[in-house]
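Undergrad: give me a 3D structure for the following:
(2 chains)
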There are 2 protein chains.
Amino acid sequence: MRDLKSLQELFIEAIEGRNFGENPANLYEPFHYILSLGGKRLRPVLTLLACEAFGAKAEKALEPAIGIELFHNFSLIHDDIMDDAPLRRGRQTVHERWDSNIGILSGDAMLVKAYQSIGQVEDNILREVNDVFSKAALEICEGQQWDMDFETRMDVTEDEYIRMIQYKTSVLLGAALQIGARVGGADDVGAVQAYNFGLNLGTAFQIKDDLLDAFGDPLKFGKQVGGDIRSNKKTILLIHALQHAKGEERDELQMWLDEETRIDQKVEAVKKLFNEIGSVRYAEQRMEAYYRMALNALEECEAHGANISEMKAFAEYLYTRDH
Amino acid sequence: MRDLKSLQELFIEAIEGRNFGENPANLYEPFHYILSLGGKRLRPVLTLLACEAFGAKAEKALEPAIGIELFHNFSLIHDDIMDDAPLRRGRQTVHERWDSNIGILSGDAMLVKAYQSIGQVEDNILREVNDVFSKAALEICEGQQWDMDFETRMDVTEDEYIRMIQYKTSVLLGAALQIGARVGGADDVGAVQAYNFGLNLGTAFQIKDDLLDAFGDPLKFGKQVGGDIRSNKKTILLIHALQHAKGEERDELQMWLDEETRIDQKVEAVKKLFNEIGSVRYAEQRMEAYYRMALNALEECEAHGANISEMKAFAEYLYTRDH
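TA: Sure thing, here's the model as predicted:
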């Protein structure tokens, strides 16, 4: 079986060489534009990795992998409209370069094309693959809605938060892996455990993202460190801190949340509080727990016939990142 | 087999009793809201009609019919955002009642749910049903984009116009019928001819819409008569007139297109020109030609085992409407 890098190259060659359509130009140019912005293509590569892990050539899973990437890019286009984001990967977002209407419509068309590619699998697994994909797609919409709802709520619980990040991000990793595993010949348990591997790894990854946003090395972390604290974003750190701060700590935390001018001091003070309240240690423990669940699921995949070496390497690569 | 009205009742009971989801409320309330605005449910009823025409109980096609109606409502929600429309059926549009973000996202979720319902067919036709649906869905996006592009173009040809109205409207009627026919047991030719029936009937219907907008009885037509002329909309009448007006007629037509104040006179003058240039007669001929093609396709369905009496009644009902 090929390694992550080889499969990444295979996928990039396939998607960059693909003509998704030309007319009307305002519908299809955004496809080629957003796909040209690059990225690691981690989701579709997971589909290819899982396919090879269960013993088939990655080429067999290339079309569904393209479907996964198209779905991901559809969600980026629509999320950027909803977030009013001007830039993606340092370039104009689709609705900035064209307009919102073109962003809405080309996103819609991209979702339909995603279904067309996802369906390029053998008859005996077509229904299951469609079902896995649709379930994840719906959960991703639900996750995005919760994320928007949470902006104006101060009573978000940890369970709600975990479900939101899982729906918004992890279920697509799970679906990408489950579909690849099925195309590769996995049995029922193997396919579901491939999903569980992605779900739990993605959840660990999102918690790590919360930690890096506050405590990452500014020289390595791409975004401004402390951005979540500046905007009072409900991360696992803040949710834990709000739930567990007592007495003076609680008053101090509330004061900094209400602070609107001394923003640099706020970042340092809130980080200190996150440490004192135990929120950092708690988040690290949750992250480790999800990572262990991911590795357990991987062992189940192995017990059901998979060669898990490359999926394990992928997990370690994600887990040890510091940016 | 049951008639249009009975199948309409069957469908309305099924969709109004359906719970599409509850949480998050901002994602699912728009589903129930837009579906509560009513409508004749013609598209899903065509699915049921075709199913019974080919010999199966309509209940067998109820889930894909719900998928067709969900798709239609998804496109209404997103089109209303793109058109900045405040009202639909006299009630607030989804993005007006909530906001654009909720409109985008609940529309996305509705498209995914449409796929889930469309897929509730037997294994042996699942791939074909998905393919027919995705092809129509993509063409509908293309048609909507062309429609937006045409607003700023004065050189739209009749072929481009016909393709635009077919993609925007007729292909969904075709797909609704083809899917229903297949579920009902139609053979390959029968299913394709059911599609052709819908495609051509829908095209005749759209041309009739252009004629009614200009020449309909103000007491019967729901919208303001002459609305298309007021906004210089590129209908088949205007496209034909621009192509065939010569000399003085051409100058006069151009003068009225540039007119911005004497709007009531403009409507009467342009209607007169449409008659003099022969655009009305031409549009009527095109409408009749598409209607004949629809009836020919229906005869092919009959030759392939369908009882076409109710589909024929439906065609006559659409064709003889005067509002």
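
Undergrad: end to end on stretch A:148-156, go ahead and measure it.
TA: 12 Å (C-alpha to C-alpha, to the nearest Å).

Undergrad: and it, what's buried?
TA: Residues of stretch A:148-156 classed as buried: A:Met148, A:Asp149, A:Phe150, A:Val156 (neighbour count, 16 or more other C-beta atoms under 10 Å in any protein chain shown). To be clear about C-beta, it is placed using only N, CA and C from the backbone, and glycine gets the same treatment.

Undergrad: is chain B within reach of whichever strand or helix holds A:Trp146?
TA: Under the criterion of DSSP states H and E, A:Trp146 resides in helix A:123-150. Yes - counting by C-beta under 8 Å from any C-beta of the partner chain, chain B has neighbours in helix A:123-150: A:123, A:126-127, A:130-131, A:134, A:137-138, A:141-142, A:144-146, A:148-149.

Undergrad: which of those sits closest to A:Arg41?
TA: Closest approach between the residues of helix A:123-150 next to chain B and A:Arg41, by C-beta to C-beta: A:Ala137, at 18.7 Å.

Undergrad: which strands and helices sit next to the host helix or strand of A:Ile229?
TA: Take DSSP H and E as the rule and A:Ile229 turns out to sit in helix A:227-230. In this structure, helix A:227-230 packs against helix A:188-215, helix A:236-244, helix A:263-277, with contacts taken as 3 or more C-beta pairs under 8 Å, 6 or more residues apart in numbering or on different chains; DSSP states H and E.

Undergrad: returning to that earlier point: which of the residues of helix A:123-150 next to chain B count as buried?
TA: Of these, these count as buried by 16+ other C-beta under 10 Å: A:126-127, A:130, A:134, A:137-138, A:141-142, A:144-146, A:148-149.

Undergrad: chain A against chain B: which residues are in contact?
TA: A:23-24, A:26-27, A:78, A:81-82, A:100-102, A:104-109, A:111-113, A:115-116, A:119, A:123, A:126-127, A:130-131, A:134, A:137-138, A:141-142, A:144-146, A:148-149.

Undergrad: restrict the helix or strand where A:Pro64 lies to CA atoms and write it as PDB.
TA: Taking DSSP H and E as the criterion, A:Pro64 maps to helix A:62-83. Presented in PDB, the C-alpha positions along helix A:62-83 are these (Å, rounded to 0.1, in the frame of the first residue of the first chain):
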ATOM      1  CA  LEU A  62     -10.900   8.000  -6.600                       C
ATOM      2  CA  GLU A  63     -14.400   9.100  -7.700                       C
ATOM      3  CA  PRO A  64     -15.900   9.000  -4.200                       C
ATOM      4  CA  ALA A  65     -12.800  10.800  -2.900                       C
ATOM      5  CA  ILE A  66     -13.500  13.500  -5.400                       C
ATOM      6  CA  GLY A  67     -17.100  13.600  -4.100                       C
ATOM      7  CA  ILE A  68     -15.800  14.100  -0.500                       C
ATOM      8  CA  GLU A  69     -13.600  17.000  -1.600                       C
ATOM      9  CA  LEU A  70     -16.400  18.600  -3.700                       C
ATOM     10  CA  PHE A  71     -18.600  18.400  -0.600                       C
ATOM     11  CA  HIS A  72     -16.000  19.900   1.600                       C
ATOM     12  CA  ASN A  73     -15.500  22.800  -0.900                       C
ATOM     13  CA  PHE A  74     -19.300  23.300  -1.200                       C
ATOM     14  CA  SER A  75     -19.400  23.800   2.500                       C
ATOM     15  CA  LEU A  76     -16.500  26.200   2.500                       C
ATOM     16  CA  ILE A  77     -18.200  28.400  -0.200                       C
ATOM     17  CA  HIS A  78     -21.500  28.500   1.700                       C
ATOM     18  CA  ASP A  79     -19.800  28.900   5.200                       C
ATOM     19  CA  ASP A  80     -17.700  31.800   3.900                       C
ATOM     20  CA  ILE A  81     -21.000  33.600   2.800                       C
ATOM     21  CA  MET A  82     -22.600  32.900   6.200                       C
ATOM     22  CA  ASP A  83     -19.400  34.100   8.000                       C
END
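
Undergrad: give the buried residues for it.
TA: A:62-82.

Undergrad: next SSE after it?
TA: Trace forward from helix A:62-83 with DSSP H and E and the next one is strand A:87-88.

Undergrad: partners of that following strand, with directions?
TA: strand A:91-92 (antiparallel) (DSSP bridges).

Undergrad: which outside residues touch the partner strand?
TA: Strand A:91-92 has contacts (C-beta atoms under 8 Å, 6 or more residues apart in numbering or on different chains) with A:Leu37, A:Pro86.

Undergrad: rounded mean pLDDT for it, please.
TA: Here strand A:91-92 scores 96 as its mean pLDDT.

Undergrad: ok, now stretch A:275-294?
TA: Stretch A:275-294 comes out at a mean pLDDT of 98.

Undergrad: and that stretch, C-alpha only, in CSV?
TA: What follows is stretch A:275-294, C-alpha atoms only, in CSV (Å, rounded to 0.1, in the frame of the first residue of the first chain):
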residue,chain,number,x,y,z
ASN,A,275,-4.5,27.2,33.7
GLU,A,276,-5.6,28.0,37.3
ILE,A,277,-9.1,26.7,36.9
GLY,A,278,-7.8,23.5,35.4
SER,A,279,-9.4,24.0,32.0
VAL,A,280,-6.2,23.4,30.1
ARG,A,281,-5.5,20.1,31.8
TYR,A,282,-9.1,19.1,31.3
ALA,A,283,-9.0,19.9,27.6
GLU,A,284,-5.7,17.9,27.2
GLN,A,285,-7.3,14.9,29.0
ARG,A,286,-10.4,15.0,26.7
MET,A,287,-8.1,15.3,23.6
GLU,A,288,-6.1,12.3,24.8
ALA,A,289,-9.2,10.3,25.5
TYR,A,290,-10.6,10.9,21.9
TYR,A,291,-7.2,10.1,20.5
ARG,A,292,-7.1,6.8,22.4
MET,A,293,-10.6,6.0,21.1
ALA,A,294,-9.4,6.7,17.6
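
Undergrad: show residues contacting the helix holding A:Ile229.
TA: Contacts of helix A:227-230 (C-beta under 8 Å, 6+ apart): A:210, A:213-214, A:224, A:233, A:235, A:237-238, A:263, A:266-267, A:270-271.

Undergrad: what's the closest of these to B:His95?
TA: A:Lys233 (25.9 Å).

Undergrad: what would the contacts of helix A:227-230 look like in JSON lines with distance to A:Lys312 and pLDDT?
TA: Converted to JSON lines, those look like this (distance: C-beta to C-beta, whole Å; pLDDT from 0 to 100):
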{"residue": "A:Asp210", "distance to A:Lys312": "24", "pLDDT": "96"}
{"residue": "A:Asp213", "distance to A:Lys312": "26", "pLDDT": "94"}
{"residue": "A:Ala214", "distance to A:Lys312": "28", "pLDDT": "95"}
{"residue": "A:Gln224", "distance to A:Lys312": "33", "pLDDT": "77"}
{"residue": "A:Lys233", "distance to A:Lys312": "32", "pLDDT": "93"}
{"residue": "A:Thr235", "distance to A:Lys312": "28", "pLDDT": "96"}
{"residue": "A:Leu237", "distance to A:Lys312": "28", "pLDDT": "98"}
{"residue": "A:Leu238", "distance to A:Lys312": "32", "pLDDT": "97"}
{"residue": "A:Ile263", "distance to A:Lys312": "41", "pLDDT": "92"}
{"residue": "A:Lys266", "distance to A:Lys312": "40", "pLDDT": "96"}
{"residue": "A:Val267", "distance to A:Lys312": "36", "pLDDT": "96"}
{"residue": "A:Val270", "distance to A:Lys312": "36", "pLDDT": "97"}
{"residue": "A:Lys271", "distance to A:Lys312": "33", "pLDDT": "97"}
